[in-house]
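Trainee: Take a look and give me a structure for this.
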Amino acid sequence: MVSKLLRFTKVLKNGAVFYRFEGFENVDSRWELPCEYLSGIHFAEWNGILLYSDGKTLFSLAQGNELSECAYSELMSIIDAGKKRLREIRNRNSF
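Mentor: Numbering: from 1, shown residues only. Just a heads-up that it's a prediction; the model follows:
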């Protein structure tokens, strides 16, 4: 599996830490992913925008957007869980 790469720049604003989204590489398009994967915790690319979901709500992140430290931490958890889920689904579906 090709390594996924998300690029962020750490920004300090009024004493608070934010993360500016700079872009991504090797993130699969949502059209290339199994429906089973998209129904739970996941992340995908769509028209240059990063889409991610905690399994309940779908979020989008465009280049230049900023996330709070808490939201950044949640996104990284979703990315880790999404990678694991996708790997499990692909392993199960490959005969």
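
Trainee: Would you mark the buried spots in stretch 18-36?
Mentor: Residues F18, Y19, F21, F24, V27, D28, L33 are the ones in stretch 18-36 that count as buried (16 or more other C-beta atoms under 10 Å). The way it works is simple: take the backbone N, C-alpha and C, and place the C-beta from them, glycine included.

Trainee: Please apply the same query to stretch 88-95.
Mentor: In stretch 88-95, counting by 16+ other C-beta under 10 Å, buried: I89.

Trainee: other SSEs contacting the lowest-mean-pLDDT helix or strand in the chain?
Mentor: Within the chain, confidence by mean pLDDT, DSSP states H and E is lowest for helix 35-38 among all helices and strands, at a mean of 87. Here helix 35-38 touches helix 69-93, going by 3 or more C-beta pairs under 8 Å, 6 or more residues apart in numbering; DSSP states H and E.

Trainee: can you give me the offset of the helix it packs on from its chain's centre?
Mentor: Distance of helix 69-93 from its chain centroid, counting by C-alpha atoms, centre = their mean, to the nearest Å, is 8 Å.

Trainee: Low-confidence ranges, this protein, go.
Mentor: 1-4, 95 (pLDDT under 70).

Trainee: What are the neighbouring residues in contact with the residue most central in space within the chain?
Mentor: A centroid search over the chain (C-alpha atoms, centre = their mean) returns F43, at 4.0 Å, as the residue closest to the centre. Contacts for F43 (C-beta atoms under 8 Å, 6 or more residues apart in numbering) come out as V27, L50, L51, Y52, S53, I78, I79, G82.

Trainee: Test of understanding: give the bridge partners of it.
Mentor: Y52 (DSSP bridges).

Trainee: For the least confident helix or strand of the chain, list the C-alpha coordinates in CSV.
Mentor: The C-alpha coordinates for helix 35-38 follow below in CSV (Å, rounded to 0.1, in the frame of the first residue of the first chain):
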residue,chain,number,x,y,z
CYS,A,35,-18.9,1.3,-0.3
GLU,A,36,-18.4,-0.7,3.0
TYR,A,37,-15.4,1.6,3.8
LEU,A,38,-17.3,4.8,3.0
